[in-house]
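Enquirer: with the input below, show me the fold.
(one chain, ligands or ions: 1)
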Amino acid sequence: MKTINVGLIGFGTVGSGVVKVLQSKRAFLRDKSGIDLKIKRICDKDLKAKRPVKVAKSILTKSIGKVLYDPDIDIVIELIGGVRPAKDVAMEALRQGKHVVTANKALLSEAGEEIFALANRLGLCVGFEASVGGGIPIIRALKQGFVANRIDLIFGIINGTANFILSKMAEGDLSFEDALAIAQAKGYAERDPQLDISGMDSSHKLSILSALGFGVFVRPKDIYTEGIGQIESSDIQYAKELGYAIKLLAIAKRVGGCLELRVHPTLIPKSHLLANVGGVYNAIFVKGDLAGENLFYGQGAGASPTSSAVVSDVVSIAREIASGAKVEGCISFKKDVAGVEKIEDVKTRYYIRFSAIDKPGVLTKISGILAKYKISIASVSQKARKEQKVVPIVMLAHEALEASMAKALKEIDALAAIKKKSVRIRIEE
Ligand SMILES: NC(=O)c1ccc[n+]([C@@H]2O[C@H](COP(=O)([O-])OP(=O)(O)OC[C@H]3O[C@@H](n4cnc5c(N)ncnc54)[C@H](OP(=O)(O)O)[C@@H]3O)[C@@H](O)[C@H]2O)c1
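Expert: Purely as a prediction, here's the structure:
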């Protein structure tokens, strides 16, 4: 039986989970794969911290070099997070002839193109199943399961924290702040939740999914990203009345020859499968020209689901090393879209909430401006009657150009009768 040595860098939440699996399931994995996976060394900045798993002191080190330059280590698992020094770790591990496994979406969305190019040139593998969707095997599905498909659409809920907050707001008529506090108390949101609620974490993951689905590497800063901070519980209630749920969606859509890439809160029909994905769960919808519509659902984070994905990469690479075959992980990203559409050119339907003084003529002014920008209204309702006081007016607009909507709202918000920035949320059917 072949032994494959593994070196781990980053002994935190996921790192400890991976060690636990490799230790407690060593015989199980040996029986399944015919390979003995041995943890040769574990590196972390802090060797004194209490971990949920016991390891021999002799394998612990603070030196990254002790992993990267150990000739017996075949696979380096990078679980420190962030772009630096994780990028140097991944690149140097490859230069040293080692395969790399990572869960690091920030790293791959920023430097994936460079890392994959080096790996391909050296005939080595970078496993990144854990970088999107936690335990959901979405990377393998896109890389292998859908290999014969032209991918037309990938969209989903890929941030559990934001989904938990929106679900809590919908269930209990809670404010964003109260729902966030519950998420933090339950350990679903970090003390600084910015990455999750701003939509940036979803953009990191969408960047990876679109590289796999459409062969384009788009940095997160170039993906249109809007978070959930401006959603009020009243929006969720009004959306419900209109037959919709509000979800933070990451969307990669082939339109004509181009790709639409965007992350933002979205109204989706209550009857859509994604509308019923609650709590911290993730769900990713993939449409291919052959396989049609497919939905992947599962736990998008946490030590156990994420280690399930990390270990699946380790086993798959180990199998190939043992068989002497060229590693399957070497992926070629072939661009099959002309480019990425600018957000200004995207067309969607809209939900809009105006905060307007209740007095005659206001609605006429609003609809006049919308008409000027060729935006037609599908429905309108004023949610209360309080003469001369601020009341919400909720509109659904037919499909309109993003640039026109932005201009129209700027003009409407400048009206004396509008007392707060108007809220607009895109609708996907
Ligand atoms: N947690 C999840 O559910 C989850 C899910 C999917 C993907 N991921 C990804 O998995 C990766 C790890 O996440 P995590 O939640 O396990 O993070 P974590 O708990 O913060 O663990 C990271 C560990 O690496 C250590 N570290 C940081 N820089 C280091 C360096 N230069 N040298 C040695 N050790 C270093 C940290 O030490 P200090 O604490 O002292 O800095 C910490 O112990 C990230 O890329 C994350 O995005 C996490």
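Enquirer: alpha carbons only for contacts and neighbour counts from here, please
Expert: Fine.
Enquirer: quick check: closest non-adjacent residue to residue 412.
Expert: residue 366 (6.2 Å; CA to CA, 6 or more residues apart in numbering).
Enquirer: give me the neighbour count for the one you found.
Expert: Counted with other CA atoms under 10 Å, residues neighbouring residue 366 total 20.
Enquirer: does it sit in a helix, a strand or a coil?
Expert: Judged by DSSP: H, G, I helix; E, B strand; the rest coil, the three-state class of residue 366 is helix.
Enquirer: mean confidence for stretch 144-164?
Expert: Stretch 144-164 carries an average pLDDT of 96.
Enquirer: buried residues, it. List them.
Expert: Using 16 or more other CA atoms under 10 Å as the test for burial, stretch 144-164 gives 146, 150-164.
Enquirer: okay, and which of these map to helices?
Expert: Among the buried residues of stretch 144-164, the members found in helices (DSSP state H) are 160, 161, 162, 163, 164.
Enquirer: run through the residues that contact the residue most central in space within the chain.
Expert: Nearest residue to the geometric centre of the chain (CA atoms, centre = their mean): residue 202, 3.1 Å. In this structure, residue 202 makes contact with 158, 159, 196, 250, 263, judged by CA atoms under 8 Å, 6 or more residues apart in numbering.
Enquirer: quick revisit: roughly how far does the residue nearest to residue 412 sit from residue 403?
Expert: Computed with CA to CA, to the nearest Å, the distance linking residue 366 and residue 403 is 17 Å.
Enquirer: among the buried residues of stretch 144-164, which pair sits farthest apart?
Expert: The most widely separated members of the buried residues of stretch 144-164 are 150 and 164, with 32.2 Å between them, by CA to CA.
Enquirer: and for residue 274, nearest residue in space, chain neighbours not counted?
Expert: Excluding the flanking residues, the one nearest residue 274 by CA to CA, 6+ apart is residue 283, at 6.8 Å.
Enquirer: isn't there a strand covering the one you found?
Expert: Yes - counting by three-state DSSP, residue 283 falls inside a strand.
Enquirer: that one bridge partners, please.
Expert: residue 157, residue 297 (DSSP bridges).
Enquirer: hmm, back to that, which of the helices or strands spans the residue nearest to the centre of the chain?
Expert: helix 200-214 (DSSP states H and E).
Enquirer: how far out from the middle of the chain is the next helix or strand after that helix?
Expert: Toward the C-terminus, helix 200-214 is succeeded by strand 224-225 as the next helix or strand (DSSP H and E). Distance, stretch centre to chain centre, for strand 224-225: 12 Å (CA atoms, centre = their mean, to the nearest Å).
Enquirer: need the contact partners of strand 224-225.
Expert: Applying CA under 8 Å, 6+ apart, the contact partners of strand 224-225 are 198, 199, 200, 203, 261, 262, 263, 264, 343.
Enquirer: among the residues you listed, which two are most distant?
Expert: Checking the contacts of strand 224-225 with CA to CA, the most distant pair is 198 and 343, at 17.4 Å.
Enquirer: pLDDT weak spots in the stretch 151-300 of the chain?
Expert: The stretch 151-300 of the chain contains no residues with pLDDT under 70.
Enquirer: show me the contacts for the closest residue to the ligand within it.
Expert: Proximity of the stretch 151-300 of the chain to the ligand (CA to the nearest ligand atom) peaks at residue 300, 6.8 Å away. By CA under 8 Å, 6+ apart, the contact set of residue 300 is 132, 133, 134, 135, 136, 158, 159, 160, 280, 281, 282, 306.
Enquirer: in a helix, the third one, correct?
Expert: No - the secondary structure assignment for residue 134 gives coil rather than a helix, going by three-state DSSP.
Enquirer: and it, how far is that from residue 293?
Expert: Distance from residue 134 to residue 293, counting by CA to CA: 21 Å.
Enquirer: want to throw the contacts of residue 300 into CSV with distance to residue 21?
Expert: Listed next are those as CSV, based on distance: CA to CA, whole Å:
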residue, distance to residue 21
132, 20
133, 19
134, 15
135, 13
136, 17
158, 24
159, 24
160, 23
280, 23
281, 22
282, 22
306, 11
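Enquirer: which of these are close to the ligand?
Expert: Residues of those in contact with the ligand (CA under 6 Å from any ligand atom): 134, 306.
Enquirer: if any of the contacts of residue 300 are buried, put those into a ChimeraX selection.
Expert: A single ChimeraX command selects the buried members of those (16+ other CA under 10 Å):
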select :132,133,134,135,136,158,159,160,280,281,282,306
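Enquirer: near the ligand, which residues of the stretch 51-200 of the chain show up?
Expert: Applying CA under 6 Å from any ligand atom, we find that the stretch 51-200 of the chain lies next to the ligand at 79, 80, 81, 103, 104, 105, 130, 131, 134.
Enquirer: if we go to 5 Å?
Expert: Those residues of the stretch 51-200 of the chain that sit near the ligand, judged by CA under 5 Å from any ligand atom, are 79, 80, 81, 103, 104.
Enquirer: mind putting those in JSON lines, pLDDT, secondary structure and neighbour count included?
Expert: As requested, these are exported to JSON lines (pLDDT from 0 to 100; DSSP: H, G, I helix; E, B strand; the rest coil; neighbours: other CA atoms under 10 Å):
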{"residue": "79", "pLDDT": "98", "secondary structure": "coil", "neighbour count": "24"}
{"residue": "80", "pLDDT": "98", "secondary structure": "coil", "neighbour count": "24"}
{"residue": "81", "pLDDT": "96", "secondary structure": "coil", "neighbour count": "18"}
{"residue": "103", "pLDDT": "97", "secondary structure": "coil", "neighbour count": "25"}
{"residue": "104", "pLDDT": "97", "secondary structure": "coil", "neighbour count": "23"}
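Enquirer: now for these, which pair is the farthest apart?
Expert: Farthest-apart pair in these is 80 and 103; separation 9.1 Å (CA to CA).
Enquirer: now for these two: what residues contact both?
Expert: By CA under 8 Å, 6+ apart, no residue touches both residue 80 and residue 103.
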